[in-house]
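Engineer: here is the input, now give the coordinates:
(2 chains)
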There are 2 protein chains.
Amino acid sequence: MGVDAELRQRLRRLSADERDDEFPGGEEGATGWDGAETLLARVAWSRLAEPGDGIAGAMLAALGPRVALQLLIDDVSARGMRERVRAAGEDIAARVLAEARDRWLPRLDRAATLDDIDRALAGGLSVVIPEGAGWPSQLNDLGAHAPIALWLRGDPAILQAHSLAVVGARAASGYGTHVAAEIVDGVCRAGAPIVSGAAYGIDAVAHRTALAASAPTVAVLAGGADRAYPAAHDSLIGRIAREGTVCAEMVPGSAPTKWRFRQRNRIIAALSGATLVVEAGVRSGTLNTAGHAAELGRMLGAVPGPVTSAASAGCHRLIREYGASLVTNAEEACELIGLDDRLAVLADGERVEPDGARTPPLHERVLDALPLRGGRDAAEVARRSGLSIAETRGALAELDVLGRVEQREPSAAGEAVWALRR
Amino acid sequence: MGVDAELRQRLRRLSADERDDEFPGGEEGATGWDGAETLLARVAWSRLAEPGDGIAGAMLAALGPRVALQLLIDDVSARGMRERVRAAGEDIAARVLAEARDRWLPRLDRAATLDDIDRALAGGLSVVIPEGAGWPSQLNDLGAHAPIALWLRGDPAILQAHSLAVVGARAASGYGTHVAAEIVDGVCRAGAPIVSGAAYGIDAVAHRTALAASAPTVAVLAGGADRAYPAAHDSLIGRIAREGTVCAEMVPGSAPTKWRFRQRNRIIAALSGATLVVEAGVRSGTLNTAGHAAELGRMLGAVPGPVTSAASAGCHRLIREYGASLVTNAEEACELIGLDDRLAVLADGERVEPDGARTPPLHERVLDALPLRGGRDAAEVARRSGLSIAETRGALAELDVLGRVEQREPSAAGEAVWALRR
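Structural biologist: Numbers count the residues shown, from 1 in each chain, chains lettered A, B, ... in the order given. I've put the predicted structure just below:
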């Protein structure tokens, strides 16, 4: 796919790594270096393959996204694709490649990919790819099943922090809700972001408790990152996007499907250092996330409950049969990700900034654009920093969560005024 | 200690093995064979040593109870005792033996031992010792800390069955009480006797549920087996004695002390195939029983509960830190003692007779004394079987629990009439 100056500009805005003013990565063996083409290729691939398509993963790993995409654009036969893959030292059966090619080709559509980019930019989304510095490298543990790219709203830096996934039953009991909130609150104090799936029940409690603690939280969605699901969580997901991160491997606008939900769970498991299941029925989808965590060698914890409660039956099974650690409080939850010592020394109310939440370049530029005394409105900060107004607003909201900036009385024009917090 | 014909007769009545009409065991190296003297020596020793006295255990193992006792009667010095022990291939430091001798000698009192025997016979107690066939050999896993003898009321055969210990908090919650009853009921259906400590809370629920299911249950007491503790459980313990077994290593009339409670717990753990803790606080004495079970290599199970309940905190700790299996129902409890398959195939209401509850000789004699048609009162059964009226009543109550006999309309004299059940 050719990349003209205008498209290059849009890709630059789309990339979460653009703050380095250079596109990330490159491809061994490719002539010259063009991060924009790599990003475009991955963006295109993320429309071609369904989540967890291991053949796409293997192709991309062997040939790189640009070359792999070009084979499709050039309508190379499955046999031809196989030769290229073999030349790169990999082997995929011709029949398997033929099937995969039949899955991918009908979706190959440059216009649709350009629409995906426009839709993402309009929704304030950015993209991280494995070739970029913003990529959460723990996702590579998924091997050929790693996401091709991650579309996100909010701060990509949170994705790299050592986090805890907290998941559980949609039909959570009062007990489960209470315990999830207690544990998440403590884990947030210890400085670990909370990853979950923005579903009803335990997921929502986990996100809301993190938000209430002004702590970073990540929602991994099964559909597009710009599309709130469930719809009733529209405002919750919007708040997570402003104060944390919402991400998805599907292109913007994608509908969540049952398959995508199951595949989404592997991202939750891979993104976080450990997974804690608070409540889960015996046939709960939550056990799927737990299974992914165990497969990845991530620590797995489960909160016990009354044996008379169906909502705890899945947790008990995880402890009995899958070696999950029994977790009764925040300290034991922190132990799963190696932060228990930190929580133990904190006094009541004290908290620690998240690991890995280094000031990202975007934040630095916004902070630099704020005066040492007094404040400025977002439009003025955008002008001074050279960022878009949407980026600026996003960065200000994030810095607010992180306690670095604060809102003052609105200006005469009714605009919010931001100032450095000291 | 000499044994005259009258004392021999009393010992014969005291021994739970007397139905063989021969005393059990003998001692290697002793001139001649006299089970009565062995029984008398163990009865005397069970007054000398506090529970779990490993030095007494080592002495008795090396020299046998008669020779070991004779050394004390003969006032042999610690040095002399050490020589005898060494000659038998064991070594105990002289200082240790001197201290032990100082503990034992003040309690050496033939009259008191004869009183113990009288008191036991008056209370319907019998005694099993390691040399006898009625001894539950699993207690030998305690090594030098095995009880010297076991005083008991009720059916000694139950002690040899493959049983489950169910223990827990005195201050049990409604939840714990409910779950204990559910699990015990299922385990009883699978045919395993329930061992517990007759305390308030979970212990009492375990015994009562077994009694309600007409299933065998064993209460291990910290004081004398003739002394109900807690006193409020007088009628419960009496019922266990009639329908199951009450046992203790202390001589009759002994008071339970804190030390004896802790030592009693080792017997509960050793007697049963596995120990299940239903509820326990973090500093509960129940954890002591669990510790003994783990030390003995017995399976250990614990029932989870709400993490918000202090009564479940000890259970959660056992699962987290001591490798206890998480148990949520009767089938999983049966799994601890390898009976899960059996429970799984039982239809509702169906049950299995306990393992190892072979018809003991006493039962056979009582069954033989009952007519094939119609019934007889206990006095008539006693006359025909040659047993005492107390033994006969005990055996009839046991056979009733086991479903072998049944009570008919009382005789004209108001006496209960017993008949074979078919």
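
Engineer: residues touching A:Leu287, list them.
Structural biologist: With contacts defined as CB atoms under 8 Å, 6 or more residues apart in numbering or on different chains, the neighbours of A:Leu287 are A:277, A:280, A:314, A:317-318. For every residue, glycine as well, the C-beta is placed using N, CA and C.

Engineer: A:Arg84 too?
Structural biologist: Contacts were defined as CB under 8 Å, 6+ apart; by that measure A:Arg84 touches A:63, A:67, A:71, A:76.

Engineer: get me the contact residues on chain A for chain B.
Structural biologist: Proximity of chain A to chain B, by CB under 8 Å from any CB of the partner chain, involves residues A:175, A:178-179, A:303-308, A:312-313, A:316, A:319-320, A:325-326, A:328-329, A:332.

Engineer: count of residues packed around the closest residue to A:Pro230 other than its chain neighbours?
Structural biologist: In space, A:Pro230 comes closest to A:Tyr200 once its chain neighbours are excluded; the distance is 6.4 Å by CB to CB, 6 or more residues apart in numbering or on different chains. Neighbours of A:Tyr200 under the rule other CB atoms under 10 Å in any protein chain shown: 14.

Engineer: ok, back up a step: tell me which of the residues of chain A next to chain B fall in strands.
Structural biologist: Filtering the residues of chain A next to chain B for membership in strands, criterion DSSP state E, returns A:325-326.

Engineer: buried subset of the residues of chain A next to chain B?
Structural biologist: A:175, A:178-179, A:303-307, A:312-313, A:316, A:319-320, A:325-326, A:328-329, A:332 (16 or more other CB atoms under 10 Å in any protein chain shown).

Engineer: for A:Ala133, grab the count of nearby residues.
Structural biologist: A count of neighbours around A:Ala133, defined by other CB under 10 Å, yields 16.

Engineer: I should have written A:Arg373 there, sorry.
Structural biologist: Residues lying near A:Arg373 (other CB under 10 Å) number 8.

Engineer: doesn't it belong to a strand?
Structural biologist: No. Under DSSP: H, G, I helix; E, B strand; the rest coil, A:Arg373 sits outside any strand and is assigned coil.

Engineer: pick out the residue of the stretch 301-422 of chain A closest to chain B.
Structural biologist: With CB to the nearest CB as the measure, the residue in the stretch 301-422 of chain A that lies nearest chain B is A:Pro304; the distance is 3.4 Å.

Engineer: and the two most separated of the contacts of A:Leu287?
Structural biologist: In these, the most distant members under the criterion CB to CB are A:Val277 and A:Arg317, with 10.0 Å between them.

Engineer: tell me the helix or strand right after the helix or strand hosting A:Ala269.
Structural biologist: Of the helices and strands defined by DSSP states H and E, A:Ala269 is found in helix A:258-271. Next in sequence after helix A:258-271, counting helices and strands by DSSP H and E, comes strand A:274-277.

Engineer: taking helix A:258-271 as reference, get the angle to the following helix or strand past that next one.
Structural biologist: Reading on from strand A:274-277 to the C-terminus, the next helix or strand found by DSSP H and E is helix A:286-295. Interaxial angle of helix A:286-295 relative to helix A:258-271 (axes from the mean of the first three to the mean of the last three CA atoms, to 10 degrees): 40 degrees.

Engineer: before we move on, the earlier item: A:Val277 and A:Arg317 - which one has more neighbours?
Structural biologist: A side-by-side neighbour count of A:Val277 and A:Arg317, using other CB under 10 Å, places A:Val277 first with 29 against 21.

Engineer: ok, the residue lying closest to the more buried one once chain neighbours are set aside to B:Glu331 distance?
Structural biologist: Nearest non-adjacent residue to A:Val277, counting by CB to CB, 6+ apart: A:Ala302, 4.6 Å away. Computed as CB to CB, to the nearest Å, the A:Ala302 to B:Glu331 distance reads 20 Å.
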